[in-house]
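Novice: what's the 3D shape of this:
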Amino acid sequence: MKRILSISVLLIAYLATFAQGHFKEIEKSFKEPETKSVLVVSHRADWRNAPENSLQAIQNCIDMGVDMVEIDLKKTKDGHLVLMHDKIIDRTMNGKGSPEDYTLAELKAMRLKNGAGIKTRHQIPTFEEVMNLCKGKIMVNVDKGYDYFKDAYEVLKRTDTADQCVMKASLPYEQVKAENGEVLDKMIFMPVIQLHKEGAEAIIDGYLKHMKPQAFELVFNNDSPEVQRLIKKVHDSGAKIFINSLWPELCGGHDDDRAVELHQPDESWGWIINQGAKLIQTDRPAILLQYLKDKKLHK
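Specialist: Numbers count the residues shown, from 1 in each chain. So this is what the prediction gives:
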């Protein structure tokens, strides 16, 4: 028994050291102006194999070697930030109503559902629990969470994880600065730009002039020359490019299902990489990781 315990302790220590080493590579790839590596961002963590936005789904991504997990935030009746995508809990929990209608204890008494709508043993996690789990292991991308920008910063400060969490919004610089200026320079902020919409270039120019973000999330429902021109403009600025391959309308038709179901990875992920993207958000993290490794674009 003692031998088994000793082996278990050594294994845990090895895995912790490995995770920390991987995180240093993630940080380096995210922060350096020029890097060959492409980072994999897993949408709602590993939602195909665990409840979305759950600790288990995030742990699966850590174990898989994913670089960043995407999560969503809501606030409870008693002021705690929890992970939840929808405005109501009906789809993902065995309850009904808004997260704001319940205290954290009341939500914890419920259980998360899996992708088939079946109740599991998993509980809704708090943002603080998530950041403690991810600390020194994997980056975090907060998608639906801008409404809680300052509250999120307090959690990041408390957990000492502000350097590994990306907040974002589809808003011009002037609005973000006016609403959250006191914490904007203390966090990693990524603007989301709808390239196919009127005024996209003006929003890009505003951020490049006043802020010079480390990364831009670029969304586009077509791959026209004008869209590609704007992608190149962001790339030439030195900022990292983050592109979603989740479904066709987000990436001009170069999506996950084209890669996997149509067996055209070079026309989907390959096309995205050729635009200069260094972060790809996917619903197929394991397959994308293997694709990148085969291309010598991921360690």
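Novice: Lys135 reaches Asp160, doesn't it?
Specialist: Yes: Lys135 lies in contact with Asp160 (Cβ atoms under 8 Å); the separation is 7.3 Å. Bear in mind the C-beta positions are built from the backbone N, C-alpha and C, glycine included.
Novice: Just give the closest residue to Lys293, not the sequence neighbours.
Specialist: Spatial nearest neighbour of Lys293, excluding adjacent residues (Cβ to Cβ, 6 or more residues apart in numbering): Lys299 at 7.8 Å.
Novice: what sits against that neighbour?
Specialist: Lys299 makes contact with Glu25, Ser37, Lys293, according to Cβ atoms under 8 Å, 6 or more residues apart in numbering.
Novice: how about the nearest residue to the most centrally placed residue in the chain, chain neighbours excluded?
Specialist: The C-alpha lying nearest the average C-alpha coordinate of the chain belongs to Glu70 (Cα atoms, centre = their mean; 2.6 Å). Of all residues not flanking Glu70 in the chain, Asn141 sits nearest, at 4.5 Å (Cβ to Cβ, 6+ apart).
Novice: That neighbour is in contact with Val41, isn't it?
Specialist: Yes: Asn141 is in contact with Val41 according to Cβ under 8 Å; the separation is 5.9 Å.
Novice: anything in contact with each of those two?
Specialist: Met68, Val69, Glu70, Gln281.
Novice: mind listing which of the residues you listed are in strands?
Specialist: The strands, defined by DSSP state E, take in Met68, Val69, Glu70, Gln281 from those.
Novice: In a markdown table: these, plus pLDDT.
Specialist: Shown next, in a markdown table, are those (pLDDT from 0 to 100):
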| residue | pLDDT |
| --- | --- |
| Met68 | 98 |
| Val69 | 98 |
| Glu70 | 97 |
| Gln281 | 98 |
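Novice: Now for these: which two are most distant?
Specialist: Distances among these were taken as Cβ to Cβ; the most separated pair is Val69 and Gln281, at 9.9 Å.
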